[in-house]
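Engineer: Dropping a prediction and its sequence here:
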Amino acid sequence: MFVLILAGFTTCLALANEEQDDEQAQVQVEQADRIRFPGESFQVDIAVSSRSEGQQAEKWKYRVLSKGNENTVVMVVEPASERGQIILMKGRELWIFLPNVSQPVRLSMAQRLTGQVANGDLARANFAGDYKARRRSTDSIEGSKYQVLELTAKDRGVTYHRVLYWLKEGSNAPYKAEFYALSGRLLKTGRYENYRNLLGKSRPTRLVLTDALRQGDESVLEYTEMKVREIPDKVFTKEYLKKLE
């Protein structure tokens, strides 16, 4: 009898510790979100350069307006021939407005935008809201220690089904990520680089996305001109898309 009670107590203690670890992992992801982007409404310019083996590099520039975790507008700045295209995200719903189409077109977060960049990579950066986190292991890379977290999608409306996320111990600064499909296949890897002081915090200003299957296929996202900006709620509506420039 005593053995059964002790076994039950040990199991309950292990479950409680596991739950506590998962809660802490979720906090770490929230902190990493705030390192990548500010919590206030903000604006940032993103230059994307994509290359594939044997093909000429593609270059795009976007301006992103974001408010909270649920409202984002992505505007094409370059190339000039594509200017006027606007992506609107509200919650996990996504639309694109095209100048020659009267009504916005529904998109998915996982749909590829350009190169290795999915719509959700630009429009949504809310890992803490989209995924359940748990600690998986620790890793040592070039003398630094990292917590490796496993992020599992809360539903199928997010960009990736599963993410392995390396966060630096002590700061929770993102180092790299592996992005997986529902099938379990590794889609691509991401490296967070070139940390600089922006808006009072050290943030990665470059994200390098590398295709896991096609060698040489890579997209580099460079973040510049990040600033806090008051953005009216009306901006994040389909009716307002035509007024944005």
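Structural biologist: Thanks, I have it. The structure displayed is predicted, hence computed values, not measured ones.
Engineer: What pairs with the host helix or strand of Ser49, parallel or antiparallel?
Structural biologist: If you go by DSSP states H and E, Ser49 is part of strand 42-51. When pairing is defined by DSSP bridges, strand 42-51 lines up against strand 58-67 (antiparallel), strand 218-228 (antiparallel).
Engineer: Which one of those strands lies nearest to Leu199?
Structural biologist: Among the strands paired with strand 42-51, strand 218-228 comes nearest to Leu199, with 6.2 Å by Cβ to Cβ. In short, each C-beta sits where N, CA and C put it, glycine included.
Engineer: gap between the closest one and the chain center?
Structural biologist: The chain centre lies 13 Å from the centre of strand 218-228; the measure is Cα atoms, centre = their mean, to the nearest Å.
Engineer: which outside residues touch that strand?
Structural biologist: By Cβ atoms under 8 Å, 6 or more residues apart in numbering, the residues outside strand 218-228 that reach it are 37-38, 40-51, 114-117, 121, 198-199, 203-211.
Engineer: one more time with 7 Å, if that's ok
Structural biologist: Outside of strand 218-228, the residues within contact range by Cβ atoms under 7 Å, 6 or more residues apart in numbering are 38, 40, 42-51, 115-117, 198-199, 205-211.
Engineer: Poorly predicted segments of the protein, please.
Structural biologist: Filtered on pLDDT under 70, the chain yields the residue ranges 1-20, 242-245.
Engineer: And the helices in it?
Structural biologist: For the chain, the helices defined by DSSP state H cover 2-36, 119-123, 127-130.
Engineer: No further questions, thank you.
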